[in-house]
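> just coords:
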């Protein structure tokens, strides 16, 4: 379908943050209005309206090294199965192509079945976990860490620079960057739960200890998006009360970019990578 067919696609502005939040809230996602402002201010967000009401969105968030994340693909319930999401993702892909960017996304299983035929290649897998009641034994409180330390570890792991994103997260009320025993993580408030990530660690034991200490200090509910290949980390989380809610498949469209030097234990979220 051509981008000119059907309802007109618009580029949204920061003033649309509340309307975007209404869509993600309907989907029971954890984003806040501040999250939407990141996409609207630092990225490109395409939307479709039915009259004055925003009914569908998709976002492209550029990073360094010719990378970009596609996310916030949302359609209100009354407008689904009309091809709106496909049209909006096509717009994001075309915007990335014009800028010479490799596009990444974290897809649900249903989404992966759609994105594969579009040319997206599967890479790694994620698991979304939730903690409601912790079974973790008492742990020492973690130490406060600097934004610079987190950004350095993030660059080493991802292969590109996300200082602006992490700075925005860290600057919010209720956010904290903590470290202990070779592990470092950021925890931030979401709409319904705190989110832990990104999380980097020298080993699974250090990652689990830091997550446990964060859980003790913040309480619950908590969300975390773990790299599925860290089996010992996942096993330790489920043993301490975390439950796996859903999988995500990370996918790439375009040439491979520089690989990171280490694998994170948890990511900033499927919407941010």
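Received, thanks. These numbers were taken from a predicted model, which means no experiment stands behind them.

> Give me the distance from the host helix or strand of residue 94 to the chain's centre.
Secondary structure assigned from DSSP states H and E places residue 94 in helix 84-99. Computed by CA atoms, centre = their mean, to the nearest Å, the separation of helix 84-99 from the middle of its chain amounts to 19 Å.

> next helix or strand past that helix?
Criterion used, DSSP H and E; the element after helix 84-99 is strand 102-107.

> Parallel or antiparallel, list what pairs with that following strand.
strand 67-75 (parallel), strand 242-253 (antiparallel) (DSSP bridges).

> Determine which stretch of these is the most buried.
With neighbours defined as mean count of other CB atoms under 10 Å, the strands paired with strand 102-107 peak in mean count at strand 67-75, which reaches a mean of 25. For every residue, glycine as well, the C-beta is placed using N, CA and C.

> quick one, that strand and helix 84-99 angle?
The directions of strand 67-75 and helix 84-99 differ by 160 degrees, with axes from the mean of the first three to the mean of the last three CA atoms, to 10 degrees as the criterion.

> Rounded mean pLDDT for strand 67-75, please.
Confidence over strand 67-75, taken as the mean pLDDT, stands at 96.

> any idea how far that strand is from the chain center?
Here the centre of strand 67-75 is set off from its chain's centre by 9 Å, with CA atoms, centre = their mean.

> low pLDDT regions in the stretch 51-200 of the chain?
Low-confidence segments of the stretch 51-200 of the chain, defined by pLDDT under 70, span residues 134-139.

> And the helices in the chain?
17-26, 33-42, 84-99, 109-115, 147-158, 163-170, 204-218, 231-239 (DSSP state H).

> that older thread, run through the neighbouring helices and strands of the helix holding residue 94.
In terms of contacts (3 or more CB pairs under 8 Å, 6 or more residues apart in numbering; DSSP states H and E), helix 84-99 is packed against strand 9-11, strand 44-50, strand 53-63, strand 67-75, strand 102-107, helix 109-115.

> redo that, cut-off 10 Å
For helix 84-99, the packing partners by 3 or more CB pairs under 10 Å, 6 or more residues apart in numbering; DSSP states H and E come out as strand 9-11, strand 44-50, strand 53-63, strand 67-75, strand 102-107, helix 109-115, strand 242-253.

> Tell me which of the ones you listed approaches residue 32 most closely.
Taking CB to CB as the measure, the helices and strands packed on helix 84-99 were each checked against residue 32, and strand 67-75 came out nearest at 12.6 Å.
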